[in-house]
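>>> With the sequence up front, the predicted model follows.
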Amino acid sequence: MSSHYKELYAQSVDVRDAVAAVLNSGIFYAFFKAFGNCRDLKRSDIEKFRFGESHACLVDLCEELSACYKDTATIRSRRYPSGYVEYDEYYPTSAKPIIDEIDRVLAEHYGFTDEELDFIINYDIKYRMGGAANGGED
């Protein structure tokens, strides 16, 4: 396990799942691009992002998101100087509709306009989605 991993604790399973949904959202991505260092996600980045109470729909969306990630993951392996590593590689592009729904929930919570939500959903889409954003062409 990398030394960069840090544990993050939540008050309950529902709060954990709501936070996981938020961390996968386009709104959090835009926040991190604007206020983070765009490389390392720090605990302070998460703590600065306020989203209020745990919403049951975020918990449900986290379950859908986790299932999608698990269903579309590929097992990869790699040999490092420290040894052989096998890991699951996840593809968030496959979960874009679920991530967009998380953004809709958060946008309603924050009172975003339709135009603001549209901007967030499509923010950096060329880079976030790769070839999937334009029919397979990069």
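Thanks, I have the structure now.

>>> going forward, measure contacts between C-alpha atoms and count neighbours the same way
Fine.

>>> Only the buried residues of the strand or helix carrying I120, if you could.
Using DSSP states H and E, the element containing I120 is helix 114-122. Buried positions in helix 114-122, judged by neighbour count with 16 or more other C-alpha atoms under 10 Å: L117, I120, I121.

>>> and the gap between the last one and H55?
In this case it means I121. 20 Å (C-alpha to C-alpha, to the nearest Å).

>>> Using CSV, list the CA coordinates for the helix holding I120.
Provided in CSV are the C-alpha atoms of helix 114-122 (Å, rounded to 0.1, in the frame of the first residue of the first chain):
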residue,chain,number,x,y,z
ASP,A,114,-29.6,24.9,-15.2
GLU,A,115,-26.8,26.8,-17.0
GLU,A,116,-24.4,26.3,-14.0
LEU,A,117,-25.2,22.6,-13.8
ASP,A,118,-24.7,22.2,-17.5
PHE,A,119,-21.3,23.9,-17.2
ILE,A,120,-20.3,21.5,-14.4
ILE,A,121,-21.5,18.4,-16.1
ASN,A,122,-19.6,19.3,-19.3
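
>>> Spatially central residue for the protein, please.
Nearest to the geometric centre of the chain sits N24, at 1.5 Å (C-alpha atoms, centre = their mean).
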